[in-house]
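Engineer: generate a structure from the sequence data that follows.
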Amino acid sequence: MAVEKRLDLVKVAAQAKPPVCKIMDYGKYKFELSKKEKEAKKKQKIINVKEVRLSLNIEEHDLSVKANNAIKFLSKGDKVKVSLRFKGREMGYTKLGYEVMEKFTALIVDAGTVEKKPNLEGRNMTMFLSPKNA
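Structural biologist: Numbers count the residues shown, from 1 in each chain. The predicted structure is shown next:
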């Protein structure tokens, strides 16, 4: 029957007894599947992770400039990783690092929310921010 209609005989369920087959244009079927996959890819949004690096002894103006950069990233829909690296004897003042992170969070509170609170991993303290509308 498939040869008469110039179509393909496709096994739908090979495990079933008897095997289930379908007469269809397999090339057209594959084309439609790829078209659906392309449409799905167009609709999904790719979220990038941008990084803002701070230091323990950062000045107010520098902190506000970094916060403005983070707000710009968040407004575009990207996530932001805020990292603070401790150098040398600064490891003894990790509480100051948490304070810097809190100040930073207070500056960007309108544009984003804290997704992952600041935590210390080795010499780095990291915090993740996500856009407010997400």
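
Engineer: how about residue 16, phi and psi?
Structural biologist: phi -70, psi 150 (degrees, to the nearest 10).

Engineer: ugh, wrong one, residue 130
Structural biologist: phi -130, psi 160.

Engineer: number of nearby residues for the spatially closest residue to it that is not a sequence neighbour?
Structural biologist: Take residue 130 and drop its neighbours on the chain: the residue closest to it by C-beta to C-beta, 6 or more residues apart in numbering is residue 115, 4.3 Å away. C-betas here are computed from N, CA, C, even on glycine. Residue 115 sits with 14 neighbouring residues when counted by other C-beta atoms under 10 Å.

Engineer: what of residue 73?
Structural biologist: There are 23 residues near residue 73, going by other C-beta under 10 Å.

Engineer: any idea how far residue 32 is from the residue nearest to residue 130?
Structural biologist: Distance, residue 115 to residue 32, using C-beta to C-beta, to the nearest Å: 38 Å.

Engineer: can you list phi and psi of the most centrally placed residue in the chain for me?
Structural biologist: Centroid-nearest residue in the chain: residue 47, 4.0 Å away (criterion: C-alpha atoms, centre = their mean). Per-residue torsions, residue 47: phi -100, psi 120 (degrees, to the nearest 10).

Engineer: sheet-wise, list the partners of the host helix or strand of residue 127 with their directions.
Structural biologist: Following DSSP states H and E, one finds residue 127 within strand 124-131. When pairing is defined by DSSP bridges, strand 124-131 lines up against strand 79-85 (antiparallel), strand 112-121 (antiparallel).
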